[in-house]
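Enquirer: Following is a predicted model, sequence given first.
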Amino acid sequence: MECRYNEVTTTHAPPPAVFSPDTLTSNAATYLTSKKLDNSGNALSKIDGAFVGTSPRPSKTALMVIPGRFSPASSLFICEMEESKKQTHCLVCPFTGSSLPEIILQDIIFTKVDTRAEKYKCLGTGVTSAVFEGQVVINNCGLKSVAVKLFKQPFDNLEGISAEAGLLKMLEPTGITPKLFGILQRTSEGNHPGIVQELIQSSVTLHQLIVGKPPFITKQKWYNIAYQLAFGLKSINEQGVLINDLKSDNVLVNISTDDCRLTFIDMGHASYMHGKRFPMTTEQASIYRHLAPEIANGQETSESSEVFALGVIFKDIPLEELSFISHKCLSKIPLLRPSVYDILSFVEEIM
């Protein structure tokens, strides 16, 4: 299998979190408490409370980030940060150099689930971030429904956020990732950084669809889902992007459409034209089952490890016809795994 990433600097990072989807308020609601969160006085306050009791399964697997050998200069991400740090200027995509749009916090109306208790609708939580539902005014064109991913890390470290937002912008033409609306602009109130993206309506995670009791899904719809998974991964990899965290929790399924349209979400661990290494213990390697065995052994991610992750999902999908190709994808030897093009052809043949 051809690999386009080996010649570029490897980035080291902790293992991806096991995301806990659809957490309605619970402890994560403290993300948005105490200070008024309407567009008359938006300001975000305590963020640490959002992570109490909501860390991924199991919480003890959280690790610190190990920087890459050649960290890009900060000037690639923020131009002319003011001494007062009241707001950022000229935030750009580290891959294309194009400017990233900024969203003013006061323009966001977070969705409340309990107006009296000031609780807000949380779509999911992880170790480093939580995602909230809301609406935002975009270019004076009325309100848009959005998912706001708020990060625990301070504004002083925007590299990862700029990279994730930049990749979302880069992948927009594929039509299989959420549209990027912008990055939250820093305010004097000290809000936490965030990415404002399209809210995928009428959707559940693929994991929920597989293990839960959703509306009836026909065999043909499962075929459509398998095809979209292979096609989506192919489309993303062809853009030079590795997801590095492909799992059923990070794929949304629109159950209101006839073809169960998929959306790939959470590019927080994705990389452009290079792989990543995820240092982990043997115990952690057994938990992150979607990471290929060579990754657990210290090698960098690749298109082949993406195929392994796809094989894990295929194994969980209730289609006996996928057992052959999923077995091939899950080979412990990367060179023996099929390419995503072979997988796509196989799914087309069995549909």
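Expert: Structure's in. What do you need? Bear in mind the structure is a predicted one, so any value in this text is a computation, not a measurement. Residues are numbered from 1 along each chain as shown.
Enquirer: what are the ranges of the helices in the chain?
Expert: Ranges of helices in the chain, per DSSP state H, are 159-171, 206-211, 219-238, 282-287, 293-296, 303-316, 323-329, 340-350.
Enquirer: what mean pLDDT would you report for the fifth one?
Expert: Looking at helix 293-296 alone, the average pLDDT works out to 92.
Enquirer: Which secondary structure elements does that helix sit against?
Expert: helix 282-287, helix 303-316 (3 or more C-beta pairs under 8 Å, 6 or more residues apart in numbering; DSSP states H and E). For the C-beta atoms, the positions are set from N, CA and C on the backbone; glycine is no exception.
Enquirer: Need the winner for burial among the ones you listed.
Expert: Ranked by mean neighbour count under mean count of other C-beta atoms under 10 Å, those are led by helix 303-316, which reaches a mean of 23.
Enquirer: picking up where we left off before, make TSV out of the helices of the chain and add distance to Phe132.
Expert: Listed next are the helices of the chain as TSV, based on distance: least, C-beta to C-beta, whole Å:
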stretch	distance to Phe132
helix 159-171	16
helix 206-211	19
helix 219-238	25
helix 282-287	27
helix 293-296	31
helix 303-316	26
helix 323-329	35
helix 340-350	33
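Enquirer: out of those, nearest to Leu150?
Expert: helix 159-171 (10.5 Å; C-beta to C-beta).
Enquirer: elements contacting the closest one?
Expert: Contact partners of helix 159-171 among helices and strands, from 3+ C-beta pairs under 8 Å, 6+ apart: strand 180-184, strand 194-198, strand 241-242, strand 271-272.
Enquirer: Pipe the ones you listed into CSV and attach mean neighbour count, mean pLDDT and distance to Gln220 per row.
Expert: Formatted as CSV, those follow (neighbours: other C-beta atoms under 10 Å; pLDDT from 0 to 100; distance: least, C-beta to C-beta, whole Å):
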stretch, mean neighbour count, mean pLDDT, distance to Gln220
strand 180-184, 23, 92, 32
strand 194-198, 24, 94, 27
strand 241-242, 24, 97, 30
strand 271-272, 22, 94, 35
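Enquirer: how about those strands, which one is nearest Ser305?
Expert: Between these, strand 241-242 lies closest to Ser305; by C-beta to C-beta that is 8.0 Å.
Enquirer: list the helices and strands that closest one packs on?
Expert: Using 3+ C-beta pairs under 8 Å, 6+ apart: strand 241-242 touches helix 159-171, strand 271-272, helix 303-316.
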